[in-house]
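A.B. asks: Got a predicted structure here, sequence first:
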Amino acid sequence: GLMGALADAALAEDGEVIGVMPRALLTREIAHPEITRIHLVTSMHRRKALMSSLSDGFLTLPGGYGTLEEFFETLTWAQLGLHTKPCALLDVAGFWDDLLAMIETQIGEGFARDEHRQLILSGEDPDELLDRMATYIPPGSIDPVPDLPIDGPPVHRDLEPAATLDGIGTSRRSEVGSRE
């Protein structure tokens, strides 16, 4: 697929390729055998949070449902101020035209703010788009959330509850965030 071709091209130029894969997908997908480093994580949310913390920006190539979900999650995080990194769509042969038109419709109907459209960079030329990403300044209306524990969204939403022992030695699962 496109991720493998992109990894091959980067590796051919002595680039670094970092993979982030949920353990559950190890039996369904094959990790690129020559990538520089792979991180195995416990969930898709941890995958996206780690990719966010490792990334300088997000360049989205044509893809399917997972691609859309990841693009809109990073875009939403930018809208909320959880990161200030560029979110870009590489519009190969007009692939993203209908999506961008839908976003314009959302703005026109009042479901999204015009200023949030500025969070999305798009273009057909990869070099030009990468240059725009390198000089990206987020819209002035987006205030970064101070004091995030990492350079990106928090990863605590899917932490496993810690096993604890109650006063009589019985093992139980404590609730994340509970006060005991």
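C.D. replies: Nice, thanks for sending it over. Numbers count the residues shown, from 1 in each chain.
A.B. asks: Could you check how far the lengthiest helix in the chain is from the centre of its chain?
C.D. replies: The residue-count maximum for a helix in the chain (DSSP state H) belongs to helix 65-79. Put simply, helix 65-79 sits 6 Å off its chain's centre (CA atoms, centre = their mean, to the nearest Å).
A.B. asks: likewise stretch 39-54?
C.D. replies: 8 Å.
A.B. asks: what comes up buried for that stretch?
C.D. replies: 41, 43-53 (16 or more other CB atoms under 10 Å). Quick note: C-beta positions are derived from backbone N, CA and C, even for glycine.
A.B. asks: on that earlier part again, now the longest helix of the chain: average pLDDT?
C.D. replies: In this model, helix 65-79 has an average pLDDT of 94.
A.B. asks: what sits up against it?
C.D. replies: 48, 52, 58, 60-61, 83-85, 87, 89, 99, 116, 119-120, 138, 142, 152-153 (CB atoms under 8 Å, 6 or more residues apart in numbering).
A.B. asks: ok, now with 7 Å
C.D. replies: With contact meaning CB atoms under 7 Å, 6 or more residues apart in numbering, helix 65-79 is reached by 48, 52, 58, 60, 83-85, 87, 116, 119-120, 138, 142, 153.
A.B. asks: What of stretch 7-21?
C.D. replies: 31-32, 34-41, 47, 50-51, 54.
A.B. asks: hmm, 8 Å instead?
C.D. replies: 29, 31-32, 34-41, 47, 50-51, 54.
A.B. asks: For this structure, which segments count as helices?
C.D. replies: So, for the chain - with DSSP H - the helices run 2-12, 44-54, 65-79, 97-108, 114-117, 126-134.
A.B. asks: between the third one and helix 2-12, how many degrees?
C.D. replies: Helix 65-79 runs at 70 degrees relative to helix 2-12, counting by axes from the mean of the first three to the mean of the last three CA atoms, to 10 degrees.
A.B. asks: For helix 65-79, which residues meet the burial criterion?
C.D. replies: Result for helix 65-79 [16+ other CB under 10 Å]: buried residues 70-71, 73-75, 77-79.
A.B. asks: Okay, now the unreliable bits of this structure?
C.D. replies: Residues of the chain meeting the criterion pLDDT under 70: 141-180.
A.B. asks: Swap in 50 and give it another go.
C.D. replies: Along the chain, segments meeting pLDDT under 50 span 154-167, 169-180.
A.B. asks: Tell me the spacing between the residue nearest to Met51 when sequence neighbours are not counted and Ser52.
C.D. replies: Sequence neighbours aside, Val20 is the residue nearest to Met51 in space, at 5.1 Å (criterion: CB to CB, 6 or more residues apart in numbering). Noted for Val20: a distance of 10 Å to Ser52, by CB to CB, to the nearest Å.
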